[in-house]
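S.K.: Provided below are the primary sequence and the corresponding predicted coordinates.
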Amino acid sequence: MSGHSKFANIKHKKEKNDAAKGKIFTRIGREIAVAVKEGGPDPNNNSKLKDIVAKAKANNMPNDTIDRSIKKAAGEGQNVNYEFVSYEGYGPNGIAIIVDALTDNKNRTAANVRNAFTKGNGNVGTQGCVSFMFDKKGQIIIDKEECDMDADDLMMLALDAGAEDFAEEEDSYEIITAPEDFSAVFAALEEAKIATVSAEVTMIPQTWGTLTDEQDIKSMNKILDLLDEDDDVQEVYHNWDE
């Protein structure tokens, strides 16, 4: 699992998305709404909500905004009518892509996702066509420059809290957990005042694909940009080694 940090990509995404922070907060708010509807408003009794709160904090979502989102979702109750849908397919040169969405109109979302793949010379496949190439894991990225703790101490803290793997990269640390241990490890880091660049339960590729053709790179970026612009799309996972 170690030895392949996506820190540069995450940093780039974060910088790019700083202008669109409201959009990220809206997406996380939607995830909170669905989690509250499914399992109630108490993160201690709702593991899915607990994971989303950790993700919200890693994205610098203020605590009062998180609390407001939970209260709003609890108050709305049955008015929350988003459905989770997932699409799988291929980008240029067989790059594997998974798209997770929350939508109140599955036909609209399916059409938009298909359009994004088509415009980027990719195609949507059947359910399960690429997901077997990914592992569902908790992933926490820490910027070395922002971390005062010694690498060995940080590793022991993470492993003692239940982490599966710890990797030291050139400019970052990567902590991998089983999905069910993610919240406990994040809480231990939070308690130790360790700032995170990214923290979420995600899909990590087992193998990576490269693109060398300029047109393929443009096409892949086209797919990712169009999916990023779609309000229904929550997360996009791929195995393109940028």
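M.R.: Structure received.

S.K.: switch to C-alpha atoms for all contacts and neighbour counts from now on
M.R.: Noted.

S.K.: Outline the domain layout of the chain.
M.R.: Domain assignment for the chain by automatic domain parsing gives 7-79, 83-132+207-238, 134-205.

S.K.: chain center to the second one: distance?
M.R.: Domain 83-132+207-238 has its C-alpha centroid displaced from the chain centroid by 15 Å (CA atoms, centre = their mean, to the nearest Å).

S.K.: do the same with the shortest one
M.R.: On the basis of CA atoms, centre = their mean, the separation between the geometric centre of domain 134-205 and that of its chain is 14 Å.

S.K.: and what of the first one?
M.R.: In terms of CA atoms, centre = their mean, the centre of domain 7-79 is set 11 Å apart from its chain centre.

S.K.: averaged over its residues, what pLDDT does it have?
M.R.: For domain 7-79, the mean pLDDT works out to 81.

S.K.: and Ala188, how many neighbours?
M.R.: 16 (other CA atoms under 10 Å).

S.K.: any idea which strand is longest in this structure?
M.R.: strand 134-143 (DSSP state E).

S.K.: right, and the helix or strand after that one?
M.R.: Reading on from strand 134-143 to the C-terminus, the next helix or strand found by DSSP states H and E is helix 151-160.

S.K.: In terms of secondary structure, what does the helix or strand just after that following helix contact?
M.R.: The helix or strand immediately downstream of helix 151-160 is strand 165-168, counting by DSSP H and E. Contact partners of strand 165-168 among helices and strands, from 3 or more CA pairs under 8 Å, 6 or more residues apart in numbering; DSSP states H and E: helix 151-160, strand 172-177.

S.K.: Identify the residues contacting the helix or strand following the last one?
M.R.: Once the chain leaves strand 172-177, the next helix or strand it forms, by DSSP H and E, is helix 182-191. The contact list for helix 182-191 (CA atoms under 8 Å, 6 or more residues apart in numbering) reads 47, 50-51, 54, 138-140, 157-158, 161-163, 177, 195, 199-201.

S.K.: try stretch 72-91
M.R.: With CA under 8 Å, 6+ apart as the criterion, stretch 72-91 contacts 32-34, 36-37, 40-41, 96-104, 106, 113, 117, 120-131, 219-220, 223.

S.K.: try 7 Å
M.R.: The contact list for stretch 72-91 (CA atoms under 7 Å, 6 or more residues apart in numbering) reads 33-34, 36-37, 41, 96-104, 117, 121-127, 129-130, 220.

S.K.: what ranges do the strands span in this structure?
M.R.: 83-90, 96-103, 123-124, 134-143, 165-168, 172-177, 198-205, 233-238.

S.K.: out of these, deepest packed?
M.R.: Sort the strands of the chain by mean neighbour count, taking mean count of other CA atoms under 10 Å, and strand 172-177 sits at the top with a mean of 24.

S.K.: partners of it, with directions?
M.R.: strand 134-143 (antiparallel), strand 165-168 (antiparallel) (DSSP bridges).

S.K.: any chance of these in TSV, plus mean pLDDT and distance to Gly75?
M.R.: Putting the strands paired with strand 172-177 into TSV (pLDDT from 0 to 100; distance: least, CA to CA, whole Å) gives the following:
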stretch	mean pLDDT	distance to Gly75
strand 134-143	94	30
strand 165-168	94	39
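
S.K.: I'd like the ones you listed laid out as TSV, including distance to Val85.
M.R.: Shown next, in TSV, are the strands paired with strand 172-177 (distance: least, CA to CA, whole Å):
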stretch	distance to Val85
strand 134-143	16
strand 165-168	30
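
S.K.: Quick one, which of these gets closest to Asp213.
M.R.: strand 134-143 (24.4 Å; CA to CA).
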